[in-house]
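> predicted model and sequence follow; I will ask about them next.
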Amino acid sequence: MENFKMIPGGICAPAGFSAAGVHCGIRHNHSKLDLALIKADVRCAGAGCYTTNKVYGAPITVDREHLKDGYAQAIVVNSGNANTCAPNGIELAKETCEIVAKELGISADDVLPSSTGVIGQAMSIEPFAKGIPEAAAKLAATEAGSHDAATAIMTTDTHSKEVSIEFTIGGKTCRMGAIAKGSGMIHPNMGTMLCFLTTDCAISSEMIKSALLETVQASFNRISVDGDTSTNDTCCVLANGLAGNPVITEKGPDYNAFVEALRALCVELAKKMASDGEGATHLITCTVTGAGSEQSAETVAKSVIGSALTKAAIFGADANWGRVLCAMGYSGEDFNPDKVDVAFQSQAGSVQVCAKGRGLDFDEDLAKRVLTEHDVTIAITMGEGDSSCTCWGCDLTYEYVKINGDYRT
């Protein structure tokens, strides 16, 4: 039985956190919120995980510097401009932290900045100087506060992404919440575009860093929308310890329970991001079983969800299983194709299309109905061992090209 349950509240579900979202003027559309602020009542154990792209946003440099001691107390995020490849990027990110620090009465070194939007655009401090005081005045430890913050970090997302969870550690009720944004430029080379997590569980900075890295690998690193790795991918977590559980300082049952909750929350967010891929009409889940190792299963599943031809076939509700085997074949994994079974599944049913590497006669009408559902699973059995893995992606549509053809203009 799962040792947690989903609850409302987002990043404000844990005790001691408040959030806000405002329009500060970075985005031209005044109806769109473009600045989010998250504040912890006390200094938190913190950790971050970032893009592997060699070109990365200035806020990431500042985040890494500010998290060297393993602590932070606030997060400030803007949308509409990535603050990447800008001549004054690092100075601006640091000045943003100083404004937050002044408004909240905390140290600038305890502020984590983050940005998302267009790369290579000039940026000024004026919107931050205007918006941060407004956001600070609007901070609320409520579901509405979380929602405003989640809305403010969106770019091409069609809806906000929030999840919160309740679990027990050391006899104490703990909560964890998160907001995320991610719709395009998502590929499994770190995690997501942006994700911010809060928890009132008491855990050391060393253990929370270990838990985050372990969890990102099994959640955000297993999604792909378009094969592009963003310059600003950031996942940060803050733990304030206000739940009062014995502090988790080493691996063991309490640490495992924390990771279980963190993974459940992050997998839910990962699925939301894949489902909301730019122009997407399907969430594609690829489950690989019978692999020789979990790593092998993950490599194969990632290859399948990243295949443009497979994604296009799902968009067209075409049970073209040959594209699945093709993507498996160039994944780099060593396996025997003559042992592979493939089925397509959804709420409409299940249809096996391949057995032992050969095509089966199947009901094309049933296959069409199965693949017309929003949530579609590609189930692969490899016949190589007992390991498994699940990864998530989305279909490739005309709308994706339209969105990204005029993203800057």
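That came in fine, so what should we check first? This structure is a prediction, so every number in the text was calculated from the model and none was measured.
> is it true that residue 354 touches residue 341?
Yes - applying C-beta atoms under 8 Å, one finds residue 354 in contact with residue 341, separated by 6.1 Å. Quick note: C-beta positions are derived from backbone N, CA and C, even for glycine.
> which one's more surrounded, those two?
residue 354 (22 against 19; other C-beta atoms under 10 Å).
> separation between that one and residue 34?
Distance of residue 354 to residue 34, computed by C-beta to C-beta, to the nearest Å: 47 Å.
> repeat that for residue 212.
Residue 212 is 27 Å from residue 34, where distance means C-beta to C-beta.
> neighbour-wise, which of the two wins?
Between residue 212 and residue 34, residue 34 has the larger neighbour count (other C-beta under 10 Å), namely 28 against 22.
> quick one: pLDDT of that one?
Per-residue confidence (pLDDT) for residue 34: 97.
> the one 10 residues further on too?
With respect to pLDDT, residue 44 has a value of 98.
> remind me which residues of the stretch 101-250 of the chain are low pLDDT?
183-192, 226-228 (pLDDT under 70).
> how about 90 then?
Filtered on pLDDT under 90, the stretch 101-250 of the chain yields the residue ranges 117-119, 122, 155-158, 182-193, 221, 223-233.
> which residues of it fall in helices?
Secondary structure of the stretch 101-250 of the chain (DSSP state H, counting those that start in this stretch): helices located at 126-138, 143-152, 205-217.
> can you tell me what sits against the shortest one?
Residues lying outside helix 143-152 but in contact with it, judged by C-beta atoms under 8 Å, 6 or more residues apart in numbering, are 8-13, 18-22, 33-38, 77, 79, 138-139, 160-162, 177, 179-181.
> generate a PyMOL selection restricted to the buried entries among those residues.
In PyMOL, a selection of the buried entries from the contacts of helix 143-152 looks like this (16 or more other C-beta atoms under 10 Å):
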select buried, resi 9+10+11+12+13+18+19+20+21+22+33+34+35+36+37+38+77+79+139+160+161+162+177+179+180+181
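> just the contacts of helix 143-152: which are in strands?
Mapping the contacts of helix 143-152 onto strands (DSSP state E) picks out 18-22, 35-38, 77, 79, 161-162, 177, 179-181.
> could you count how many residues lie near residue 270?
Quick note: residue 270 (other C-beta under 10 Å) scores 28 neighbours.
> confirm it sits in a strand?
No - read with DSSP: H, G, I helix; E, B strand; the rest coil, residue 270 is helix and lies in no strand.
> residues in contact with it?
192, 219-220, 222-223, 392.
> redo that, cut-off 7 Å
Taking C-beta atoms under 7 Å, 6 or more residues apart in numbering as the criterion, residue 270 is in contact with 219-220, 222-223, 392.
> let me have the residues you listed in JSON lines, extended by distance to residue 318.
Formatted as JSON lines, the contacts of residue 270 follow (distance: C-beta to C-beta, whole Å):
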{"residue": "219", "distance to residue 318": "29"}
{"residue": "220", "distance to residue 318": "29"}
{"residue": "222", "distance to residue 318": "24"}
{"residue": "223", "distance to residue 318": "23"}
{"residue": "392", "distance to residue 318": "20"}
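> next, find the distance separating the nearest residue to residue 364 once chain neighbours are set aside from residue 274.
The shortest distance from residue 364 to any non-neighbouring residue, by C-beta to C-beta, 6 or more residues apart in numbering, is to residue 319 (7.1 Å). Look at residue 319 and residue 274: by C-beta to C-beta, they are 21 Å apart.
> how about residue 174?
Residue 174 is 27 Å from residue 274, by C-beta to C-beta.
> returning to that earlier point: what secondary structure does the residue nearest to residue 364 sit in?
Using three-state DSSP, the secondary structure recorded for residue 319 is coil.
> phi, psi of the nearest residue to residue 282 once chain neighbours are set aside?
Once flanking residues are discounted, residue 282 sits nearest to residue 395: 4.3 Å by C-beta to C-beta, 6+ apart. The phi/psi pair for residue 395 (degrees, to the nearest 10) reads phi -80, psi 170.
> who are the contact partners of the nearest residue to residue 339 once chain neighbours are set aside?
Excluding the flanking residues, the one nearest residue 339 by C-beta to C-beta, 6+ apart is residue 383, at 3.1 Å. Taking C-beta under 7 Å, 6+ apart, we find residue 383 in contact with 290, 339-340.
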